[in-house]
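Novice: give the three-dimensional model of this entry:
(one chain, ligands or ions: 1)
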Amino acid sequence: MAASREFRCPYCGAPLDVTPDSVIVVCRYCGRPSLVASDVDAGSVVMVPALKRDEAARRAVEAARRKLRLRLRLKRAVFGDPDLLYAPYYFVDASLRARYRARVKVTYTRTVSTERGATTEVVTKVVSVSGDVSYADTIPVLARRAAAGAAAEKLGRHYLSTRPKAVPLEQGVDYSTAKAFMAAEFGKARARAVALRDAVDELLKRVDEDAKRRARRAVEHPAASAQVLDKTVDFEVERADVSPLTYLPVWLVPYILDESQYSFAVAGWDGAIIAETEPVFLEQRIGYIVSAALAAGLLGGMGGAVFPHSLIFGAALLLAGSAIAFALGARVTKAFEVRA
Ligand SMILES: [Zn+2]
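Specialist: Numbering: from 1, shown residues only. Sure thing, here's the model as predicted:
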């Protein structure tokens, strides 16, 4: 274990909860993010500025309107105050190339003429093939240890397809919303490793597809069923460039409809819908929601601080916390499915 060096918030002096993996720690008292890792350059951390609160709420109402099942009941929906959350990402620009040899079992039917007429028979062959495949993509990596869910992937992909302008963290932080920052839990080296693991999976899928295609072609039966029996793959990473740590904003927009609470998670810069929570019945599920949100560690001081003052408003914030847990953490997503 490393010597217990104490980290303190440079803004307010409060002690920071630093784990060995921490890259950016968010002060639980003043909410400001501090850099504590060495493999990330403080000056290079960037963030995408968020839509204004009113604009985020307007986009969410429009999205709700577009949903058929809500259209008739929209008049009864009560929208809560949106909450902003910043999620930490790396984007890994990766390019890989593989050379492979494989044995593929191909099965097809053919018609044979015999003295008693035409019959079909099943033919199975094992074909040896070889080839080259490549894979290149920019892979979003959420800098959190918990497994990222589909919504985290969707938010990262949405950033890559829309490319909003990012500014240095110091320029972009609005300290009235700074408590919305999620700590970044790992640096560039691990981000590269996570991205390459995904990239190698994709590359190997392409190897299988290519091997099957070549085997079908070899037996001249394009519709034959094919199964890769074994393969030898040599691959090399041609490129794996990691972006600066990039904070992406997410607005969480809660609404109450027929005594159920829902919320939308919308991309913070353009209002595109990223995730939507299942209904939660307030009176039955508050206890569950509180524990799920706190267990997920995603609320910071946000919901907990508000909860005692106003049950409903606090519940809305806690739900917003569980919404992003739903969006960003597989464990809580499962809990939601169990209870929904
Ligand atoms: Zn502080």
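Novice: which bits of this structure sit near the ion?
Specialist: Within the chain, the positions lying close to the ion (CB under 5 Å from the ion) are 9, 11-12, 14, 27, 29-30. Where C-beta positions appear, they are placed from N, C-alpha and C, glycine not excepted.
Novice: reformat those residues as CSV; add distance to Asp137.
Specialist: Listed next are those as CSV, based on distance: CB to CB, whole Å:
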residue, distance to Asp137
Cys9, 38
Tyr11, 38
Cys12, 41
Ala14, 41
Cys27, 36
Tyr29, 40
Cys30, 38
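Novice: Ala64 in helix, strand or coil?
Specialist: Local secondary structure at Ala64 is given as helix here, using DSSP: H, G, I helix; E, B strand; the rest coil.
Novice: how close does it get to Lys154?
Specialist: 18 Å (CB to CB, to the nearest Å).
Novice: and these two? Which one has more around it.
Specialist: The neighbour comparison of Ala64 against Lys154 (other CB atoms under 10 Å) goes to Ala64, with 22 against 18.
Novice: please enumerate the helices of the stretch 51-200 of the chain.
Specialist: Listed in chain order, the helices of the stretch 51-200 of the chain (DSSP state H, counting those that start in this stretch) span residues 53-66, 68-71, 150-162, 169-172, 188-219.
Novice: quick one: the longest one to chain centroid distance?
Specialist: Okay, so that is helix 188-219. In terms of CA atoms, centre = their mean, to the nearest Å, the centre of helix 188-219 is set 21 Å apart from its chain centre.
Novice: tell me the angle it makes with helix 150-162.
Specialist: Taking axes from the mean of the first three to the mean of the last three CA atoms, to 10 degrees, one finds helix 188-219 and helix 150-162 inclined to each other by 90 degrees.
Novice: and helix 188-219, what's its mean pLDDT?
Specialist: The average pLDDT within helix 188-219 is 95.
Novice: after it, heading C-terminal, what element do we hit next?
Specialist: Counting by DSSP states H and E, the next helix or strand C-terminal to helix 188-219 is strand 225-242.
Novice: just the CA atoms of that following strand, as CSV, please.
Specialist: Coordinates of each C-alpha in strand 225-242 appear next as CSV, following Å, rounded to 0.1, in the frame of the first residue of the first chain:
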residue,chain,number,x,y,z
SER,A,225,-23.4,-22.8,-43.3
ALA,A,226,-19.9,-22.2,-42.0
GLN,A,227,-18.2,-22.7,-38.6
VAL,A,228,-14.7,-21.7,-37.7
LEU,A,229,-13.1,-24.8,-36.1
ASP,A,230,-9.8,-23.2,-35.1
LYS,A,231,-7.6,-20.2,-36.1
THR,A,232,-4.2,-18.7,-35.6
VAL,A,233,-4.2,-14.9,-35.5
ASP,A,234,-1.2,-12.5,-35.5
PHE,A,235,-2.3,-9.0,-34.9
GLU,A,236,-0.7,-5.7,-34.5
VAL,A,237,-1.9,-2.4,-33.1
GLU,A,238,-1.1,0.2,-35.7
ARG,A,239,-2.5,3.1,-33.7
ALA,A,240,-4.1,3.6,-30.3
ASP,A,241,-4.2,7.4,-29.6
VAL,A,242,-6.0,8.5,-26.4
